[in-house]
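**Student:** Generate a structure from the sequence data that follows.
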Amino acid sequence: MQEQNRRQFNRATLSSLLTFSLLETLAAEDLFSAETKSVTGRWLTDLHDLGKDLKGEKLS
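**Tutor:** Numbers count the residues shown, from 1 in each chain. Sure, this is the predicted structure:
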């Protein structure tokens, strides 16, 4: 894995945070089309579960 400098790390972190915030807002306001609701709902649930596992140090 290539090392990142602080600026690259901050850029990647901010990008991820903004993407997640946008998706979470769109899901909360029910703004996804019918075709994408099931896919995005599953994806957000999986992402949430992954975050909980990471916080609980259950990942290997």
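**Student:** where does this structure have low pLDDT?
**Tutor:** 1, 59-60 (pLDDT under 70).
**Student:** change it to 80
**Tutor:** 1-2, 57-60 (pLDDT under 80).
**Student:** ok, which stretches of it are helices?
**Tutor:** 6-28, 34-55 (DSSP state H).
**Student:** Turn those into a markdown table, including mean neighbour count.
**Tutor:** C-beta coordinates here come from the backbone N, C-alpha and C atoms, glycine included. Putting these into a markdown table (neighbours: other Cβ atoms under 10 Å) gives the following:
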| stretch | mean neighbour count |
| --- | --- |
| helix 6-28 | 11 |
| helix 34-55 | 11 |
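**Student:** Quick check: chain neighbours aside, which residue is closest to the residue nearest to the spatial centre of the chain?
**Tutor:** Most central in the chain under Cα atoms, centre = their mean is residue 20, positioned 4.3 Å from the mean C-alpha point. Once flanking residues are discounted, residue 20 sits nearest to residue 47: 7.3 Å by Cβ to Cβ, 6 or more residues apart in numbering.
**Student:** one step back: would you mind measuring from the residue nearest to the centre of the chain to residue 6?
**Tutor:** 21 Å (Cβ to Cβ, to the nearest Å).
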